[in-house]
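[1] Attaching a predicted model along with its sequence, questions to come.
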Amino acid sequence: MSRTYFRERRLIVDLFVIALGISCWVSINGLWMQTPILTTQLPEKWNLASYIVIITQMANIGPIAFGLFRKKLKSYEGIVIHLTLAIGVFSSILLAKFWKNTVVIGTKEHSLPFLVLTGFLALVDCTSSVLYLPYMANFKSKYLMSFFVGEGLSGLIPSIVSLFQGVGGNPTCETTTINGTIHQHAVYPEPKFSVTIFCVFLTIIMIFSWVSFTILNSSFCHSELSREKPMNKEGDDNELPIMGTREAFKLTRNRIRYLLFLQALISALTNGVLPSLQSYSCAPYGTLAYNLAVKLAGLANPICAFLAFFWKSKINLKMITLLTCLGLCFSSYTAVTAVLSPSPPFVSSPFGSFLLIISWISLTGTFSYTKSCIASVFRDFSKRGQLALFWVGVFTQTGSAIGAILTFTLLNYTHIFKSYNPCS
């Protein structure tokens, strides 16, 4: 990478763009990292994950509403993003204060404050895919990959912090006698710091992202705005296709449909199916394998988005297809280990743990790189980069919703997946 390449960009702007990208999914990713603790302290117990999934999918009303009123809100784009970030910041503050409070509804106790505030955070995260990507089209295309690096860090940072928190240590089995019947149950070690501290950490990240966006939207970064002239007047989205004619990557109607399908498929797997199955896939191999799979896969996400940042000139349709197929192979193996839980392949051997960890790292990295490539293609080679990225965001959220609902149904209404019990 030549020095000229770095002189052609402002690294401080890259930092602000990365910070904005971090705010995309950091809240929900962070809450998912806390579920092992939350399920032992909130009245929903092991059904809590199901509540979070349902709330997250209900939050898709955000991107739907934005899509319906996109033309009217186009001139208020900055204000809408400020509003979403404000909701994220204040929801995180309230969550740190009230996450453990409960309310009696009927005859059952529910953690209503936690669920409501989770809904607001999910609304911010879901809307970000269709809100931030079109905003990034206002900047020079070289900054788009920085945004995806930030989006990858939104999963990496909470996972690393949660590992320092100490969640996931080896449990001990205790025996109790109830009505003459002996029961064994797992007792997990206490974390090094509480859920409250973790929520404060999320709040600090959201504040940093909000400040970064404020600077991006100021005159400080005006020199990095795209100088490309619009192809038509505002509001004529329906009159001009997003098909491009540049020779480096000619976008035909069929290619657009194909790439959007791949975007939806990858999003369904990475945002819906695979995260829900990870505990079933990894837990039988032990705490060490589970932690390494989560930590290293989270690390692979921003690294591979960063590689796409440098290898932008090598993007082509065959490569995108090949990488998608490769990711599907690794995804298939992890799905098999989840289906066969608690006795997946090679569960008692170091080779099994190694293969599992490599599979999770590879599928995460491959799909992260592929998503970055698809977004870059639409940004650089379509006639309407902003409109094209809006549809990339729409298909991202559509795929994520389908994957999450499908997996939620399979986990809660079928007996395909069996949880791992270390004391069985």
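    Nice, thanks for sending it over.
[2] Please report phi then psi for the nearest residue to Gly88 once chain neighbours are set aside.
    Nearest non-adjacent residue to Gly88, counting by C-beta to C-beta, 6 or more residues apart in numbering: Val124, 4.2 Å away. (Glycine included, C-beta is placed from N, CA and C.) The phi/psi pair for Val124 (degrees, to the nearest 10) reads phi -60, psi -50.
[3] Just the pLDDT for Val124.
    In this model, Val124 is scored at 91, pLDDT.
[4] Report the separation between it and Ser212.
    Look at Val124 and Ser212: by C-beta to C-beta, to the nearest Å, they are 15 Å apart.
[5] Looking at the two now, which is surrounded by more residues?
    Higher neighbour count among Val124 and Ser212: Val124, with 27 against 22, using other C-beta atoms under 10 Å.
[6] Report the contact partners of the more buried one.
    Contacts for Val124 (C-beta atoms under 8 Å, 6 or more residues apart in numbering) come out as Ser23, Ser27, Gly62, Thr84, Leu85, Ile87, Gly88, Ser91.
[7] Kindly reformat these as TSV containing pLDDT.
    Converted to TSV, the contacts of Val124 look like this (pLDDT from 0 to 100):
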residue	pLDDT
Ser23	89
Ser27	90
Gly62	83
Thr84	91
Leu85	93
Ile87	94
Gly88	94
Ser91	95
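[8] and after the worst-scoring helix or strand of the chain on mean pLDDT, which helix or strand comes next?
    Here the helix or strand of the chain ranked lowest by mean pLDDT, DSSP states H and E is helix 3-7, holding a mean of 53. Downstream of helix 3-7, the next assigned helix or strand under DSSP states H and E is helix 11-22.
[9] which is the next helix or strand following that following helix?
    helix 26-41.
[10] quick check: angle from whichever helix or strand comes after that next one to helix 26-41?
    The C-terminal neighbour of helix 26-41 among helices and strands, as given by DSSP H and E, is helix 48-58. Here the directions of helix 48-58 and helix 26-41 differ by 150 degrees (axes from the mean of the first three to the mean of the last three C-alpha atoms, to 10 degrees).
[11] how about helix 48-58: buried residues?
    Leu48, Ala49, Tyr51, Ile52, Val53, Ile54, Ile55, Thr56, Gln57 (16 or more other C-beta atoms under 10 Å).
[12] any idea which of those residues is the one closest to Met136?
    The closest of the buried residues of helix 48-58 to Met136 turns out to be Thr56 (C-beta to C-beta; 23.1 Å).
[13] Tell me who's in contact with that closest one.
    Thr56 neighbours (C-beta under 8 Å, 6+ apart): Ile28, Ala122, Asp125, Cys126, Ala404.
[14] and the gap between it and Thr39?
    17 Å.
[15] same deal with Val161?
    For Val161, the distance to Thr39 - C-beta to C-beta - is 19 Å.
[16] Between the two, tell me which one has more neighbours.
    Shown here are Val161 and Thr39; by other C-beta under 10 Å, Val161 has more neighbours (17 against 14).
[17] Using CSV, write out the CA atom coordinates for whatever helix or strand that one lives in.
    Per DSSP H and E: Val161 is located in helix 144-165. Coordinates of each C-alpha in helix 144-165 appear next as CSV, following Å, rounded to 0.1, in the frame of the first residue of the first chain:
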residue,chain,number,x,y,z
LEU,A,144,-17.4,3.0,2.8
MET,A,145,-15.1,0.2,3.9
SER,A,146,-14.2,2.1,7.1
PHE,A,147,-18.0,2.1,7.9
PHE,A,148,-18.0,-1.7,7.5
VAL,A,149,-14.9,-2.0,9.7
GLY,A,150,-16.9,-0.1,12.3
GLU,A,151,-19.9,-2.3,11.9
GLY,A,152,-17.7,-5.3,12.4
LEU,A,153,-16.3,-3.8,15.6
SER,A,154,-19.8,-3.4,16.9
GLY,A,155,-19.7,-7.1,17.5
LEU,A,156,-16.0,-7.5,18.4
ILE,A,157,-15.8,-4.8,21.1
PRO,A,158,-18.7,-6.2,23.2
SER,A,159,-17.4,-9.7,22.9
ILE,A,160,-14.0,-8.8,24.1
VAL,A,161,-15.3,-6.8,27.0
SER,A,162,-17.7,-9.6,28.0
LEU,A,163,-14.7,-12.0,28.0
PHE,A,164,-12.9,-9.7,30.5
GLN,A,165,-16.1,-9.7,32.4
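[18] just checking, Phe148 touches Ser372?
    Yes. Here Phe148 reaches Ser372: they are 4.5 Å apart, a contact under C-beta atoms under 8 Å.
[19] Mind checking which of those two has more residues around it?
    Phe148 (29 against 26).
[20] if I pick the more buried one, what's in contact with it?
    Gly21, Ala305, Ala308, Phe309, Ser368, Lys371, Ser372, Ala375.
[21] Could you point out the helix or strand that follows whichever strand or helix holds the fifth one?
    Element membership for Ser368, per DSSP H and E: helix 350-381. Remark: after helix 350-381, the chain's next helix or strand is helix 385-413, criterion DSSP H and E.
[22] other SSEs contacting that next one?
    Applying 3 or more C-beta pairs under 8 Å, 6 or more residues apart in numbering; DSSP states H and E, one finds that helix 385-413 contacts helix 48-58, helix 61-68, helix 112-136, helix 253-268, helix 274-282, helix 350-381.
[23] on that earlier part again, from the contacts of Phe148, which is closest to Asn101?
    Gly21 (32.0 Å).
[24] State the pLDDT value of the closest residue in space to that closest one that isn't next to it in sequence.
    Closest residue in space to Gly21, ignoring its immediate chain neighbours: Gly150 at 2.2 Å, by C-beta to C-beta, 6+ apart. At Gly150, the pLDDT value in this model is 85.
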